[in-house]
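Undergrad: Give the three-dimensional model of this entry:
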Amino acid sequence: MAGDGTAGDGTAGDGTTPAARLVVLIPAHDEAATIGTTLDALQRQTRRPDRVVVVADNCTDDTARIARERGAEVYETVGNTDKKAGALNQAIVARFRRTATSDRRGTSEDPRRGPDRRRDRAAADPGDDDVPAGPTPDLHDDDLVLVMDADTELAPGFLEAAAASLASSPRIGAAGGLFYGHPGAGVLGQLQRNEYLRYSRDVSRTGRVMVLTGTGTLFRVRALREVAAARGTTLPGREGQVYDTLALTEDNELTLALKTLGWRMTSPAACSVVTEIMPTWRDLWKQRMRWQRGALENLRHYGLTRVTVRYWGQQVGIGLGVLAFQAYLLLTVLVLLRDGAPHLDRFWAAVGLVFLAERLVTVRRGGAWALLLAAPLVVELAYDLFIQAVFVRSLADVVRRREATWHHVAAPAAG
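TA: Coordinates of the predicted model:
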């Protein structure tokens, strides 16, 4: 997949000065049901990517074939046991780690490029047999890499808005997406969509990016190289690797890594993505356990610093919220046992109305179903109780140092 126009051909508008190239990396494990839709959405971008590489990680389905049919490059991992982080590290080392020192457009005489270079790499790396013929230049520090999930669809203006955001300041190292949920999965699906709506609204209003979403984030190459160089010293992880393979939530950990190195990040409103939702309560429990456990483990590894103090405060706030909610439920039960039928107090009724208004306003973009689910309050309160249970269990597992596991939800068969 190559771009068109001035933004996608590796040159500036005058055809003389190299412009920032934009490469897409899509880690995929058995994503045949969704990879085609994901790649089609990339073709509709107003700023087309220069290269799209699907990182097929231990796939047993047709993910690689479908990706090739859509015109993407395919890198197939070799012996990877480190899940998504390991797959991305392999692909980055094989394709993009080297620093280019000459014009990225290159010629066939360039000893670092061309058919001979391609044959040498293919012989050295069995997973590198899908490099396009002709010049395949290395990335410059000012180039951009989008890392996105294989079950995610980008809004048409995502890449253009994200690239513009990075171009606005040399200290912005990444532009993350605002994620929304796919339709389906009944009430459980709508609960997750409401949750995502509120989160995206909060990020848009405050401009504060707490986590660079793994569903879709555009990185500055220089920032990723600094992370790799700082691993094992300033940052946790193995030297030379962009992603810490021991982290349960690699996107959260990479956010902390970039902030520790002084990089800023944004989430422009135009950078919206639609991503998977968990179809069952069991799947949701496993997903949120990984997210929450990963967040706690990352903070344990980084300690208390000027960067992590806000994140520690967030976790303390969640804990206090759990205690407050449980105290409220206990008090309600005690009052009912003492007085029988509940008594309507005007003050607390007014507080309840304000709370209801907030719940409705924050999901109004989701349409009628979002509002109908939020209106009774009790349904979303039950969902909040579920999320709080995840926090309590995760905290207990961290304290007891129980082994954590990765959870992958298989998409339904295509067709």
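
Undergrad: From now on I want contacts and neighbour counts done on CA atoms only, so please keep to that.
TA: Will do.

Undergrad: Look at residue 29 and say how many residues are nearby.
TA: Residues near residue 29, counting by other C-alpha atoms under 10 Å, number 21.

Undergrad: With residue 380 instead?
TA: Residue 380 is surrounded by 18 other residues when neighbours are defined as other C-alpha under 10 Å.

Undergrad: Any buried residues in the helix or strand harbouring it, and which?
TA: Using DSSP states H and E, residue 380 maps to helix 378-400. By neighbour count with 16 or more other C-alpha atoms under 10 Å, helix 378-400 contains the buried residues 380, 384, 387-388, 390-391, 394-395, 398.

Undergrad: That one - what's its average pLDDT?
TA: When pLDDT is averaged over helix 378-400, the result is 94.

Undergrad: So which elements touch that helix?
TA: Counting contacts by 3 or more C-alpha pairs under 8 Å, 6 or more residues apart in numbering; DSSP states H and E, helix 378-400 is packed against helix 281-302, helix 309-339, helix 368-374.

Undergrad: Helices along the protein, start to end?
TA: Defined through DSSP state H, the helices belonging to the chain, from first to last, are 35-43, 63-69, 83-91, 114-124, 158-167, 186-206, 221-230, 250-260, 281-302, 309-339, 346-361, 368-374, 378-400.

Undergrad: Look at the closest residue in space to residue 152 that isn't next to it in sequence and say how many residues are nearby.
TA: Closest residue to residue 152 in three dimensions, ignoring its sequence neighbours and counting by C-alpha to C-alpha, 6 or more residues apart in numbering: residue 275, at 4.4 Å. With neighbours defined by other C-alpha under 10 Å, the count for residue 275 comes to 19.

Undergrad: how close does residue 275 sit to residue 188?
TA: With distances defined as C-alpha to C-alpha, to the nearest Å, the gap from residue 275 to residue 188 amounts to 15 Å.

Undergrad: got it, and residue 235?
TA: Here the distance between residue 235 and residue 188 works out to 38 Å (C-alpha to C-alpha).

Undergrad: between the two, which one's more packed in?
TA: Taking other C-alpha under 10 Å, residue 235 and residue 188 do not tie; residue 235 has more neighbours (22 against 17).

Undergrad: so how far is residue 260 from that one?
TA: Using C-alpha to C-alpha, one obtains 8 Å as the distance from residue 235 to residue 260.

Undergrad: Quick check: neighbours shared by these two?
TA: Both residue 235 and residue 260 lack any common contacting residue under the criterion C-alpha atoms under 8 Å, 6 or more residues apart in numbering.

Undergrad: chain center to stretch 272-289, what's the gap?
TA: Centroid separation between stretch 272-289 and its chain, computed with C-alpha atoms, centre = their mean, to the nearest Å, is 13 Å.

Undergrad: List of residues touching that stretch?
TA: Taking C-alpha under 8 Å, 6+ apart as the rule, stretch 272-289 contacts 151-155, 158, 177-182, 185, 188-189, 192-193, 215-216, 387, 390-391, 393-394, 407, 409.

Undergrad: how about a cut-off of 7 Å?
TA: 151-155, 158, 177-182, 185, 189, 192, 215, 390, 394, 407 (C-alpha atoms under 7 Å, 6 or more residues apart in numbering).

Undergrad: if we can go back for a sec, pick out the shakiest of the helices of the chain, pLDDT-wise.
TA: Per-stretch averages of pLDDT across those put helix 114-124 at the bottom, with a mean of 38.

Undergrad: Quick one: closest of the helices of the chain to residue 144.
TA: With C-alpha to C-alpha as the measure, helix 221-230 is the member of the helices of the chain nearest residue 144 (5.5 Å).

Undergrad: between that closest one and helix 83-91, how many degrees?
TA: 100 degrees (axes from the mean of the first three to the mean of the last three C-alpha atoms, to 10 degrees).

Undergrad: Report the distance from helix 221-230 to the chain centre.
TA: Counting by C-alpha atoms, centre = their mean, helix 221-230 comes out at 18 Å from the chain centroid.

Undergrad: and it, what does it pack onto?
TA: With contacts defined as 3 or more C-alpha pairs under 7 Å, 6 or more residues apart in numbering; DSSP states H and E, helix 221-230 has no helix or strand neighbours.

Undergrad: Kindly report the domain assignment for this structure.
TA: Residue ranges for the structural domains of the chain, counted by the TED database, are given in the record as 22-96+138-279, 308-400.

Undergrad: The shortest one: end-to-end distance?
TA: Across its full length, domain 308-400 reaches 23 Å between end residues, using C-alpha to C-alpha.

Undergrad: JSON lines please, covering the buried residues of helix 378-400 and showing distance to residue 21.
TA: JSON lines is the format used below for those (distance: C-alpha to C-alpha, whole Å):
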{"residue": "380", "distance to residue 21": "44"}
{"residue": "384", "distance to residue 21": "43"}
{"residue": "387", "distance to residue 21": "41"}
{"residue": "388", "distance to residue 21": "43"}
{"residue": "390", "distance to residue 21": "41"}
{"residue": "391", "distance to residue 21": "41"}
{"residue": "394", "distance to residue 21": "41"}
{"residue": "395", "distance to residue 21": "42"}
{"residue": "398", "distance to residue 21": "41"}
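
Undergrad: Widest-spaced pair of those residues?
TA: Between all members of these, the longest pairwise span (C-alpha to C-alpha) is found for 380 and 398 and amounts to 27.1 Å.

Undergrad: rewinding a little: from the contacts of stretch 272-289, which land in strands?
TA: Within those, residues falling in strands by DSSP state E are 153-154, 178-181.

Undergrad: Please spell out which residues along stretch 73-93 are buried.
TA: Taking 16+ other C-alpha under 10 Å as the neighbour-count basis, stretch 73-93 is seen to contain the buried residues 73-77, 80, 83-92.

Undergrad: Leaving out the residues flanking it, which one is nearest to residue 269?
TA: Here the nearest residue to residue 269 in space, its sequence neighbours aside, is residue 204; by C-alpha to C-alpha, 6+ apart that works out to 6.2 Å.

Undergrad: neighbours around that neighbour, how many?
TA: 17.

Undergrad: For the remainder of this discussion, apply numbering that starts at 893.
TA: New numbering, starting at 893: the last item is residue 1096.
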